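*Asks:* Quick one: sequence and predicted model below, then my questions.
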Amino acid sequence: MPANPLDAYRNVEKATLSQRDIEATVLTKAAVQLQSIKENWARDNHDAELEDALSYNQRVWTFFQAEISMQDNPLPDEIKRNILALSFFVDRRTFETLAYPAPEKLDALININLNVAAGLRGEV
């Protein structure tokens, strides 16, 4: 049993969530991190936090890119194309934000993540 009760909860949560729920959760986590950076832009260490949050978000979207490219992925081709287009946009916006940081550039990433997460949860 993990020493930290929060770790125990996370382990149970991982074991009981569906793949869609997990994807929605990581997208929401990434959106929350980006929103926090945006809201605290003037904080001293925001550069490192911005890089970490953007890196996490990009890893999430890289996972989606890998998943939709697998031969046995059951999603319809149109949905795969839409996810791929979104992931390319996320990549471009991430690199643009790293090169020329501005808080308003995070809005699109936050909104995409929250909207896709809502769709995965069936909230749309």
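*Replies:* Here it is on my side, so go on. Numbering: from 1, shown residues only.
*Asks:* Now do the same for the residue nearest to the spatial centre of the chain: its pLDDT.
*Replies:* Closest residue to the average C-alpha location of the chain: L27 at 3.4 Å, with Cα atoms, centre = their mean. Note for L27: predicted pLDDT of 96.
*Asks:* Check K38 too.
*Replies:* K38 is assigned a predicted lDDT (pLDDT) of 96.
*Asks:* quick one: it and P101, what's the gap?
*Replies:* K38 sits 11 Å away from P101, taking Cβ to Cβ, to the nearest Å as the criterion. Placement of C-beta: from N, CA and C, glycine included.
*Asks:* Looking at these two, which one has more neighbours?
*Replies:* K38 (19 against 16; other Cβ atoms under 10 Å).
*Asks:* you'd agree the more buried one is up against L106?
*Replies:* Yes: at 4.7 Å, K38 counts as touching L106 under the criterion of Cβ atoms under 8 Å.
*Asks:* Low-confidence stretches in this structure?
*Replies:* 1-17, 124 (pLDDT under 70).
*Asks:* at 50 instead, please
*Replies:* Along the chain, segments meeting pLDDT under 50 span 1, 6, 8-9, 12.
*Asks:* ranges for the helices of it?
*Replies:* Secondary structure of the chain, counting by DSSP state H: helices at 5-16, 19-39, 46-68, 77-99, 106-120.
*Asks:* Quick check: which helices or strands does the fourth one pack against?
*Replies:* What it means is helix 77-99. Counting contacts by 3 or more Cβ pairs under 8 Å, 6 or more residues apart in numbering; DSSP states H and E, helix 77-99 packs against helix 46-68, helix 106-120.
*Asks:* Report the distance from that helix to the chain centre.
*Replies:* 11 Å (Cα atoms, centre = their mean, to the nearest Å).
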